[in-house]
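Chemist: what follows is a predicted structure for the sequence shown.
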Amino acid sequence: MKKIGLISMVLVLAMGMLGVGSAWADTVVAGETTDTDFVGIRNVSTDDPIGSLDPVWNGTEIVTSEENVASCISTNDGETKCLNGETEFYDSVTETINNAYPGYAPTITFEVTNCGSNTVMVTGLSQDIIEEYEGLFENFVELHYWSVQKNDEIPETGIGEDWLYLCLGGYQLDHGDVVTLIINLIILEKNPWNEEEEFPQGETGTLQDTFTYTDLVTGKEDTTMFTIALDNLPLPGWNKGKKSGWDGSVPPGLEKKDKTPNGFDKGNKKGWK
């Protein structure tokens with residue numbers, strides 16, 4: 001998912017025409033002073049909270065599976081940053097994906113708003129990835145479908161991360177504007193550039209996108225952060241060294257009447273409640 005360089009030219013051109021300065025100015029830490037807190041972000045929903053059936057990619061479309069293995073949990077981080085009407089917005093949001101597996105395809109909806117008095121523009125993006133398994137996000141987490149909608153306008157949609165960043169480069173928000181972003185992620189089974197490398201079950205990591213906004217009147221900057229956390233700890237009983245089947249332990253709450261989870265060897269009843 002590391003393709004942030006593609007929006008640099010769009011931003012340079014946009015900022016040059018407006019005379020605002022460099023599109024890649026250093027990010028200002030939001031919250032240092034009250035007049036920098038003019039853009040906020042908040043989670044709206046995910047289509048796979050804990051306890052729901054998993055959304056999966058079948059090669060053609062996203063469908064609902066018969067299994068409840070993974071989950072995608074949305075949280076707003078920290079204290080309230082600003083208000084749009086009575087709706088609270090924050091500095092950052094986090095999407096925690098638990099027990100991801102190839103084909104898992106959650107959809108996430110969040111909003112960004114301009115709480116300030118002046119028009120602001122998206123003028124920069126930085127990306128920070130923390131992972132022990134190199135290439136976990138770049139090679140196995142695909143940003144597939146996306147939608148960007150300002151207020152009640154017709155949404156802009158696309159396929160792939162590159163076009164999303166191009167869409168957001170130079171994007172402007174007037175006072176009170178709310179932009180709704182919907183993104184769909186797909187966990188890939190194999191590395192597209194090396195099909196011998198399979199999704200590393202059990203690896204964890206975080207990807208954080210920090211967007212910088214510039215007030216077009218004062219030149220002040222603010223930021224919002226969007227984080228994806230892969231908490232890919234193996235399900236109880238999963239044997240990492242043996243990619244198919246269980247090691248004899250039983251996932252909590254699994255009963256004989258329950259549907260067999262993906263990877264469970266039906267012929268091996270050992271440990272079954």
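Modeler: The structure has been received and is ready for your questions.

Chemist: what's the separation between Pro49 and Leu164?
Modeler: Remark: distance between Pro49 and Leu164 (C-beta to C-beta, to the nearest Å) = 24 Å. Bear in mind the C-beta positions are built from the backbone N, C-alpha and C, glycine included.

Chemist: how is this structure carved up into domains?
Modeler: 4-231, 236-273 (automatic domain parsing).

Chemist: comparing those domains, which comes out most buried?
Modeler: Highest mean neighbour count of those: domain 4-231, a mean of 17 (counted as mean count of other C-beta atoms under 10 Å).

Chemist: residue closest to the middle of this protein?
Modeler: Central residue of the chain (C-alpha atoms, centre = their mean): Ile228, 4.6 Å from the mean position.

Chemist: now the nearest residue to it once chain neighbours are set aside. Its backbone dihedrals?
Modeler: Once flanking residues are discounted, Ile228 sits nearest to Leu207: 4.8 Å by C-beta to C-beta, 6 or more residues apart in numbering. Per-residue torsions, Leu207: phi -120, psi 130 (degrees, to the nearest 10).

Chemist: now Leu207: how far from Glu132?
Modeler: For Leu207, the distance to Glu132 (C-beta to C-beta) stands at 14 Å.

Chemist: the residue nearest to the centre of the chain contacts Ser92, correct?
Modeler: No. In this structure, Ile228 is not within contact of Ser92 by C-beta atoms under 8 Å, at 11.8 Å.

Chemist: rewinding a little: quick check: bridge partners of the residue nearest to Ile228?
Modeler: Going by DSSP bridges, Leu207 is paired in beta bridges with Ile129, Ile228.

Chemist: so where's this protein shaky on pLDDT?
Modeler: 1-36, 232-273 (pLDDT under 70).

Chemist: one more pass at 80, please.
Modeler: Confidence mapping of the chain against pLDDT under 80 gives the ranges 1-37, 232-273.

Chemist: which parts of it are helices?
Modeler: For the chain, the helices defined by DSSP state H occupy 8-18, 136-140, 161-168.

Chemist: show me what contacts the residue nearest to Glu189 when sequence neighbours are not counted?
Modeler: Computed as C-beta to C-beta, 6+ apart, the closest residue to Glu189 that is not its neighbour in sequence is Pro102, at 3.5 Å. By C-beta atoms under 8 Å, 6 or more residues apart in numbering, the contact list for Pro102 reads Ile187, Leu188, Glu189, Lys190, Glu198, Phe199.
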